[in-house]
Structures are given as C-alpha cells and as structure tokens.
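*Asks:* I would like the atomic coordinates for the input below:
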Amino acid sequence: MKKVLVVMGGFSDEREISLLSGHQAVTALKQSGYEVVPYDLKDVADFVNTLQKERPAVVFNALHGKYGEDGCIQGLLNLMKIPYTHSGVLASAIGMDKNKA
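*Replies:* From the prediction side, this is the model:
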C-alpha cells in the first residue's frame with residue numbers, strides 16, 4: 001500500500017482553506033485504500049524530519065498561497081527527491097506572478 005503524506009495548513013493567509021482542502025484529501029485517499037499521513041505545516045524543520053521519518057511514496061500538496069503554490073515547497077521536495085502532486089517549481093512560480101502568467 002502506498003503511503004501518501006498530505007501537507008496542509010502552512011503560513012499563508014489561506015491557511016484555513018488549506019486545512020479544509022487537506023482534510024478532504026485525507027478522507028478521499030483513505031477511502032481509496034491509501035495509507036495516509038496528515039501533516040499540518042507549521043515548522044519547516046519539523047516537516048523535513050517528518051518526511052525523513054515517514055518516507056512517503058508521494059506528498060499530496062494541499063497548501064494554498066505563498067510557499068505552497070509558488071514553488072517553494074516544490075523545490076524542497078525536489079531536493080529531497082520526493083514526488084508530489086501539483087505543478088513543478090517553475091510553473092508554480094510563474095503561476096503566482098500574475099503579470100508573467
């Protein structure tokens with residue numbers, strides 16, 4: 001069974017909606033038979049430690065706004081060689097820059 005870590009919450013003004021999205025993803029993934037680790041992102045060092053401990057097959061990115069949709073979390077996961085949902089670093093960064101997008 002694949003382990004999926006669902007990262008939600010975060011540091012943006014959209015934290016509360018991210019938590020709602022994340023909990024919905026957790027429910028759907030569990031119903032689909034995945035082993036799910038919910039993670040409320042409040043501290044980056046703790047997040048890295050949790051990723052190293054849990055060793056998920058993939059991270060489901062339910063973060064919204066700055067740091068979640070702008071390429072930051074994607075870059076961290078790339079460095080750790082952990083697959084994730086969502087666009088990659090470049091697409092995320094460009095997408096958050098409305099003038100460039």
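
*Asks:* what's next to the helix or strand harbouring Val4, contact-wise?
*Replies:* Val4 belongs to strand 3-9 when assigned by DSSP states H and E. Strand 3-9 has contacts (Cβ atoms under 8 Å, 6 or more residues apart in numbering) with 15, 18-19, 21-23, 25-26, 29, 34-42, 47, 50-51, 54-63, 68, 73. All C-beta atoms are positioned from the backbone trio N, CA, C, and that covers glycine.

*Asks:* restricted to helices, list these.
*Replies:* Counted as lying in helices by DSSP state H, out of these, are 15, 18-19, 21-23, 25-26, 29, 47, 50-51, 54, 73.

*Asks:* which of these lies closest to Lys2?
*Replies:* When the ones in helices among the contacts of strand 3-9 are compared for distance to Lys2 (Cβ to Cβ), Leu29 wins out at 9.4 Å.

*Asks:* what's the spacing between the closest one and Val44?
*Replies:* Applying Cβ to Cβ, to the nearest Å, the value for Leu29 to Val44 is 23 Å.

*Asks:* higher neighbour count, those two?
*Replies:* It is Leu29, of Leu29 and Val44, that has more neighbours when counted by other Cβ atoms under 10 Å, with 18 against 13.

*Asks:* lovely, talk soon.
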